[in-house]
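Q: Here is the input, now give the coordinates:
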Amino acid sequence: MNLKEALKNHTLDQFIKEHEIADPHPDGESRFSKLVDLMAGSLEAVSEALDEALSEDCDETQTRRGSSKDV
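A: Numbers count the residues shown, from 1 in each chain. Okay, here's the model as predicted:
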């Protein structure tokens, strides 16, 4: 069963059980849950992931002069 079939048939729990891999990392279970939420299109998970990625990637980003909408 693939993710598309699981979503269509409302069998996401079964999909998770079939594809879950024991992860020795302490955050393995929460990472897997977050990944499934993102793949399934959970708006909350996508929003959190975007916020996290933006805050990590843009800390040292500088805007070029004259490229801001306010200019």
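Q: from here on, contacts and neighbour counts on C-alpha atoms
A: OK.
Q: How is residue 25 assigned, secondary-structure-wise?
A: Per DSSP: H, G, I helix; E, B strand; the rest coil, the local secondary structure of residue 25 is coil.
Q: One more: residue 15?
A: Quick answer, by three-state DSSP: residue 15 is helix.
Q: pLDDT value on it, please?
A: At residue 15 the predicted local distance difference test score is 87.
Q: With adjacent residues omitted, what lies nearest to it?
A: Here the nearest residue to residue 15 in space, its sequence neighbours aside, is residue 6; by C-alpha to C-alpha, 6 or more residues apart in numbering that works out to 6.2 Å.
Q: okay, now that neighbour: neighbour count?
A: Neighbours of residue 6 under the rule other C-alpha atoms under 10 Å: 16.
Q: now it: how far from residue 34?
A: Separation of residue 6 from residue 34 (C-alpha to C-alpha, to the nearest Å): 17 Å.
Q: and the closest residue to residue 16 other than its chain neighbours, what element?
A: Spatial nearest neighbour of residue 16, excluding adjacent residues (C-alpha to C-alpha, 6+ apart): residue 36 at 7.9 Å. Following DSSP states H and E, the helix or strand that holds residue 36 is helix 28-40.
Q: Restricting to C-alpha, output that helix in PDB.
A: What follows is helix 28-40 as a C-alpha-only set of coordinates in PDB (Å, rounded to 0.1, in the frame of the first residue of the first chain):
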ATOM      1  CA  GLY A  28      12.600   9.100  15.900                       C
ATOM      2  CA  GLU A  29       8.900   8.600  16.700                       C
ATOM      3  CA  SER A  30       8.100  12.300  16.600                       C
ATOM      4  CA  ARG A  31      10.100  12.800  13.400                       C
ATOM      5  CA  PHE A  32       8.200  10.000  11.800                       C
ATOM      6  CA  SER A  33       4.800  11.400  12.900                       C
ATOM      7  CA  LYS A  34       5.800  14.800  11.600                       C
ATOM      8  CA  LEU A  35       6.900  13.300   8.300                       C
ATOM      9  CA  VAL A  36       3.600  11.500   7.800                       C
ATOM     10  CA  ASP A  37       1.600  14.600   8.700                       C
ATOM     11  CA  LEU A  38       3.600  16.600   6.000                       C
ATOM     12  CA  MET A  39       3.100  13.900   3.400                       C
ATOM     13  CA  ALA A  40      -0.600  13.600   4.200                       C
END
